[in-house]
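Engineer: Based on what follows, work out the 3D shape:
(one chain, ligands or ions: 1)
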Amino acid sequence: MFRWKVWLNRIALVCLISVVMISWSVSHSSVLAEKVQFQILQINDVYEIAPLAGGAEAGLARVATVRKDLLAENENTFTVMAGDFFSPSALGTATVDGDRLAGQQMVGVLNAMELDLATFGNHEFDLTEPQFRDRLEESKFQWFSGNVRDAEGEQWKNVPDYVIRTIESESGEKVRIGFVGTTIPSNPAPYVSYLDPLDKMKEDVEAIVDDVDVIVAVTHLNLPDDQYLAENIPEIDIVLGGHEHDNIQQWRGKDFTPIFKADANARTAYIHRFTYDTGSDELEVESELEFLTEAIALDPDTEKAVDYWEQKAFDGFRENGFEPEAVITETEIPLDGLESSVRNESTELTHVIADAVLNSATDVDVSIFNSGSIRIDDVMPPGIITQYDVIRVLPFGGEIVTVEMSGELLEQVLNQGLANRGSGGFLQTSGVTQDSDTQNWLVGDRPLDPTTTYKVATVEFLISGNEIGLDFLNTDNPDLKVLSKEGDIRFALIDQLQAAN
Ligand SMILES: [Zn+2]
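Structural biologist: Model prediction:
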């Protein structure tokens, strides 16, 4: 197949309250032929199965409703996930039958929702190899990935480089759609190897271009890499991406290849309605960003699966002493747990956690914890906070320990915490501040004295020597003495939020 893609026009840009519609067309000749329609429902970066914001938005049962509506409109509808859903998720940290759920709840609900196609995100490889292989095995949807291989460079079982789906019009006209997938190699696990995500996509496109009518690139890349694909592989008709957590629509390259990403956690989904002219090879698409709000009903079948997995996870949390549904407090302010915030500065949320650590024992001078332990990557809106919300904030928990530390060591740790700005090793504190003029540390209202010993509350992970730049902060360090353990940081946070009531 040799294909000209010439831009004739880019039609309508219609903005409604909750809808952005874009359409365009490509064409090279006008031959009388049939127009065949198909649709793609796109989601990406989903970590929660249940609705968010107190039930007001998102939720895979809402995606399922949209999917069913689209199928009623046109049976040639594909639901596609552009990666990142095995992890990180709070429910996935629940221990059930001796192992963490680790994305089992996501696969279970996506199966119930009858997802069609998925490619890998970087976070799929947060799992251990047995967990990862189990999730692949459990998936009833079709995986595909051009560039992710096992440690030996072999393909994963049932994960081809690309898939081709053929649809047929009522009069028997066939249209072949090629789906190619690629993933950013940013969370390398020892059991995974990567081919170059951009070069390999070029190879995959070349391999199928003569056998298909439409090429859909499903990607999990940084936006500049998606732009590169759009600019350098003109055979790609549309890029459906993930990885960024905010919705994106852009056009790149000389034939204005569109790039679409939906919002994380299915706060939105993209609906793409294609019309392919079998005679002219003209492709048109109208893309609509659908906000999954209360206006969309929860699909009962998928909702049942959501309840099943949520209760399974909650039972696991209950075994560990939590009451996930218990309301702790009601906040009047938003609590910012976005990674881009907490890894660079302190927020109301980091203050309350640092205070919780400080108050977990008596006579503590300073508390310190690593911002990387906050995983919610979301702003919690004002409203009720349940114990499950606390688990969402600190899904991996961790034991609080109180230690005695020399002032000299404390200063070294605090300075390294600042040097770690931008990473999970950026340290959050309570009881200590930095004088903005002199840059000197103040413990309470007195200058930090290197020759004094301080009582510091922190988390066990931080005194393991495994935090960035803090290898010297370990229990073999003679300037550090462990005094006692104070329990899981999540229970301390629950107490702190309760006390603030
Ligand atoms: Zn990602």
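Engineer: what residues does the protein put near the ion?
Structural biologist: Along the chain, the residues adjacent to the ion under the rule CB under 5 Å from the ion are 84, 121, 122, 243. In short, each C-beta sits where N, CA and C put it, glycine included.
Engineer: Sort out which residues of stretch 132-147 are buried, please.
Structural biologist: Under the neighbour-count criterion of 16 or more other CB atoms under 10 Å, stretch 132-147 has 132, 134, 135, 136, 139, 141, 142, 143, 144, 145, 146, 147 buried.
Engineer: then it to PDB, C-alphas only?
Structural biologist: Provided in PDB are the C-alpha atoms of stretch 132-147 (Å, rounded to 0.1, in the frame of the first residue of the first chain):
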ATOM      1  CA  PHE A 132       3.700  -9.400  36.500                       C
ATOM      2  CA  ARG A 133       3.400 -12.700  34.800                       C
ATOM      3  CA  ASP A 134       0.300 -13.600  36.800                       C
ATOM      4  CA  ARG A 135      -1.400 -10.300  35.800                       C
ATOM      5  CA  LEU A 136      -0.600 -11.000  32.100                       C
ATOM      6  CA  GLU A 137      -2.100 -14.500  32.500                       C
ATOM      7  CA  GLU A 138      -5.200 -13.100  34.100                       C
ATOM      8  CA  SER A 139      -5.800 -10.500  31.400                       C
ATOM      9  CA  LYS A 140      -8.700 -11.400  29.100                       C
ATOM     10  CA  PHE A 141      -7.900  -8.400  26.900                       C
ATOM     11  CA  GLN A 142      -5.200  -8.400  24.300                       C
ATOM     12  CA  TRP A 143      -1.800  -7.000  25.200                       C
ATOM     13  CA  PHE A 144       0.700  -5.800  22.500                       C
ATOM     14  CA  SER A 145       4.100  -4.200  22.800                       C
ATOM     15  CA  GLY A 146       6.700  -3.400  20.200                       C
ATOM     16  CA  ASN A 147       9.700  -2.700  22.500                       C
END
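Engineer: Show me how far that stretch is from its chain's centre.
Structural biologist: 17 Å (CA atoms, centre = their mean, to the nearest Å).
Engineer: can you check stretch 83-101 too?
Structural biologist: Counting by CA atoms, centre = their mean, stretch 83-101 comes out at 13 Å from the chain centroid.
Engineer: What residue in the chain comes nearest to the ion?
Structural biologist: Nearest residue of the chain to the ion (CB to the ion) works out as residue 243 at 3.8 Å.
Engineer: Excluding sequence neighbours, find me the nearest residue to that residue.
Structural biologist: residue 220 (5.2 Å; CB to CB, 6 or more residues apart in numbering).
Engineer: which residues does the one you found contact?
Structural biologist: Contact partners of residue 220, counting by CB atoms under 8 Å, 6 or more residues apart in numbering, are 44, 82-84, 119-122, 182-184, 241-243.
Engineer: 7 Å instead, please
Structural biologist: Taking CB atoms under 7 Å, 6 or more residues apart in numbering as the criterion, residue 220 is in contact with 82, 83, 84, 119, 120, 121, 122, 183, 184, 241, 242, 243.
Engineer: got a markdown table for those residues, with pLDDT too?
Structural biologist: Conversion of the contacts of residue 220 to a markdown table gives the following (pLDDT from 0 to 100):
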| residue | pLDDT |
| --- | --- |
| 82 | 98 |
| 83 | 97 |
| 84 | 96 |
| 119 | 98 |
| 120 | 98 |
| 121 | 97 |
| 122 | 95 |
| 183 | 98 |
| 184 | 96 |
| 241 | 98 |
| 242 | 96 |
| 243 | 93 |
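Engineer: Can you add secondary structure and give the residues you listed back as CSV?
Structural biologist: CSV is the format used below for those (DSSP: H, G, I helix; E, B strand; the rest coil):
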residue, secondary structure
82, coil
83, coil
84, coil
119, coil
120, coil
121, coil
122, helix
183, strand
184, coil
241, strand
242, coil
243, coil
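Engineer: list the buried ones in the helix or strand harbouring residue 305?
Structural biologist: Here residue 305 sits within helix 300-319, counting by DSSP states H and E. For helix 300-319, burial by neighbour count (16+ other CB under 10 Å) applies to 302, 303, 305, 306, 309, 310, 312, 313, 314, 316, 317.
Engineer: any idea which helix or strand comes after that helix?
Structural biologist: Next along the chain from helix 300-319, counting by DSSP H and E, comes strand 327-331.
Engineer: Tell me the helices and strands packed up against that following strand.
Structural biologist: strand 383-386, helix 489-499 (3 or more CB pairs under 7 Å, 6 or more residues apart in numbering; DSSP states H and E).
Engineer: Now that strand: average pLDDT?
Structural biologist: On average, the pLDDT along strand 327-331 is 95.
Engineer: Please identify the buried residues of that strand?
Structural biologist: 328, 331.
Engineer: Show me what it is in contact with.
Structural biologist: 382, 383, 384, 385, 386, 387, 494, 497, 498, 500, 501.
Engineer: Kindly recompute the last result at 8 Å.
Structural biologist: With CB under 8 Å, 6+ apart, strand 327-331 has contacts from 380, 382-387, 389-390, 494, 497-498, 500-501.
Engineer: now that we have those, which one has the most neighbours?
Structural biologist: When neighbours are counted by other CB atoms under 10 Å, residue 390 leads the contacts of strand 327-331 with 27 neighbours.
Engineer: And stretch 418-434, end to end?
Structural biologist: One end of stretch 418-434 sits 11 Å from the other (CA to CA, to the nearest Å).
Engineer: Could I get the full set of strands for the stretch 201-350 of the chain?
Structural biologist: 214-220, 238-241, 248-252, 257-261, 268-277, 282-291, 327-331, 335-336 (DSSP state E, counting those that start in this stretch).
Engineer: Direction included, what does the fourth one pair up with?
Structural biologist: So that's strand 257-261. Here strand 257-261 is paired, per DSSP bridges, with strand 238-241 (parallel), strand 248-252 (antiparallel).
Engineer: Highest mean neighbour count out of those?
Structural biologist: When the strands paired with strand 257-261 are scored by mean count of other CB atoms under 10 Å, the highest mean neighbour count falls to strand 238-241 (a mean of 26).
Engineer: for the stretch 51-200 of the chain, what spans make up the strands?
Structural biologist: 77-81, 95-96, 99-100, 117-118, 142-143, 148-150, 162-168, 174-183, 192-194.
Engineer: out of those strands, nearest to residue 487?
Structural biologist: With CB to CB as the criterion, residue 487 lies closest to strand 95-96 of those, at 17.4 Å.
Engineer: Give the rounded mean pLDDT of the closest one.
Structural biologist: On average, strand 95-96 scores 92.
Engineer: okay, now the residue nearest to residue 279 when sequence neighbours are not counted: neighbour count?
Structural biologist: Nearest residue to residue 279, sequence neighbours excluded (CB to CB, 6+ apart): residue 33, at 2.2 Å. For residue 33, the number of neighbouring residues by other CB under 10 Å comes to 14.
Engineer: again with the one 10 residues further on
Structural biologist: Using other CB under 10 Å, residue 43 has 31 neighbouring residues.
Engineer: ok, now the one 10 residues further on?
Structural biologist: Around residue 53 sit 14 other residues, with neighbours defined as other CB under 10 Å.
Engineer: re earlier: so what touches the helix holding residue 305?
Structural biologist: Under CB under 8 Å, 6+ apart, the answer for helix 300-319 is 49-50, 59-61, 63-64, 91-92, 94-96, 101, 104-105, 108-109, 111-113, 324-325, 387-388, 391.
Engineer: Kindly recompute the last result at 7 Å.
Structural biologist: Contacts of helix 300-319 (CB under 7 Å, 6+ apart): 49-50, 60-61, 64, 91, 94-96, 101, 105, 108-109, 112-113, 324, 391.
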